[in-house]
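A.B. asks: A structural model of the following input is requested.
(one chain, ligands or ions: 3)
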Amino acid sequence: MSATILDGRATKDAIFDELRPRVARLAEQGHTPGLATVLVGDDPGSQSYVRAKHNDCAKVGIKSIRKDLPADVSQADVEAVLDELNADPACTGYIVQLPLPKHLDAGPLLERIAPAKDADGLHPISLGRLVLGEEAPLPCTPRGIIELLHRYDVPLNGAQVAVVGRGITVGRPIGLLLTRRSENATVTLCHTGTKDLAAEVHRADVVIAAAGKPHLITADMVKPGAAVLDVGVTRTDAGLAGDVHPDVVQVAGFLSPNPGGVGPMTRAMLLTNVVEAAERNVG
Ligand SMILES: NC(=O)C1=CN([C@@H]2O[C@H](COP(=O)(O)OP(=O)(O)OC[C@H]3O[C@@H](n4cnc5c(N)ncnc54)[C@H](OP(=O)(O)O)[C@@H]3O)[C@@H](O)[C@H]2O)C=CC1
Ligand SMILES: Nc1nc(=O)c2c([nH]1)NC[C@@H]1CN(c3ccc(C(=O)N[C@@H](CCC(=O)O)C(=O)O)cc3)C=[N+]21
Ligand SMILES: [Mg+2]
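C.D. replies: Ligands and ions are numbered 1, 2, ... in the order given. All right, here's what the predicted structure looks like:
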């Protein structure tokens, strides 16, 4: 038996088909959505992600704005760019591509994003609203994972989920999303202090691997038939490696490949957040 592949590229294309008419309607009303990216420095990975986001915008009719800043830019100069985007009516939402160079203090920069323009859903106000159960832009990667599971009819109601990693972009917020009444899953958040990772993973119906450790999740750890989402990405000499060992495809019931799984879904949810923000602005 081989797992059903959770195809993030095809699902992203389907979501783009759904977004296109919504963007067209907004454009007719004179409210074309705009996504801006703030990229600091010349990390090749970050450059390729940002390039992909602008290509995505072109595919659905969203206007895109690029702010590319030199690696040695000052904190004050980044702040000035954020203030400019906060005031720019053409910019519906924007992201600051992470990680930032060491000399910059990321926290105050992320907090400077106007919450209404938080396309990533990672602003403290957005995360606070998520905890409170209030409407807010949702973090893109966790939202993309849940959307992918819903579209493949993987049951979450009552499911036991093992999340590996408590990082702020994936692990911590997906625990919050999955334990909402609408998802109703039971979540165990694992990290480097977890005593027996193999046991936590083995009793899970759904495994979300977001540690950034190549091939951390091996076939022997996975319950036969479980859904496994490979989120972590590590650049190695041999190319990109996910957190999930390739043999897991023989044991899992569903598997999101890496690449081609959660990455494209993250981009689809970024654009969804921008379209939803534009629709809120029109009222
Ligand atoms: N495909 C996509 O769209 C995206 C992929 N990613 C990828 O997902 C991964 C996670 O991202 P992010 O949350 O920002 O990462 P962080 O580095 O913030 O978090 C990693 C987490 O994994 C835990 N961890 C590390 N090693 C182990 C281990 N051996 N056993 C158990 N837990 C472990 C860490 O534990 P501790 O807290 O104890 O240190 C930490 O909580 C990264 O590889 C990132 O590149 C991120 C965003 C989008
Ligand atoms: N402010 C901010 N928001 C983010 O959401 C954010 C970030 N910073 N910094 C880095 C991580 C990582 N991340 C990915 C997005 C898309 C793919 C993606 O589309 N990957 C393709 C392959 C792309 C390729 O081949 O290079 C795939 O998985 O198929 C991957 C990773 C978003 N992140
Ligand atoms: Mg992927």
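
A.B. asks: I'd like to know which residues of the stretch 51-200 of the chain are adjacent to ligand 1.
C.D. replies: 141, 164-167, 169-171, 190-194, 197 (C-beta under 6 Å from any ligand atom). The C-beta positions use only the backbone N, C-alpha and C, and glycine is treated the same way.

A.B. asks: right, and the pair among those with maximum separation?
C.D. replies: Distance extremes for those: the farthest pair is Thr141 and Gly193 at 22.6 Å, using C-beta to C-beta.

A.B. asks: got a list of what the residue nearest in space to the middle of the chain touches?
C.D. replies: Note on the chain: the residue nearest the mean C-alpha position is Thr141, at 1.8 Å, using C-alpha atoms, centre = their mean. Counting by C-beta atoms under 8 Å, 6 or more residues apart in numbering, Thr141 touches 169-170, 174, 210, 231, 262, 265-266, 269.

A.B. asks: swap the cut-off to 10 Å and go again
C.D. replies: With contact set as C-beta atoms under 10 Å, 6 or more residues apart in numbering, Thr141 has these partners: 120-122, 167, 169-171, 173-174, 208, 210, 229, 231, 262-263, 265-267, 269-270.

A.B. asks: Flag every buried residue along stretch 178-194.
C.D. replies: The neighbour-count check on stretch 178-194 (16 or more other C-beta atoms under 10 Å) flags 178, 183, 185, 187, 189-190, 194 as buried.

A.B. asks: Those: which two are farthest apart?
C.D. replies: Longest span within the buried residues of stretch 178-194, C-beta to C-beta: Glu183 and Thr194, 22.2 Å.

A.B. asks: Name the SS class of Ala36, please.
C.D. replies: What DSSP: H, G, I helix; E, B strand; the rest coil gives for Ala36 is strand.
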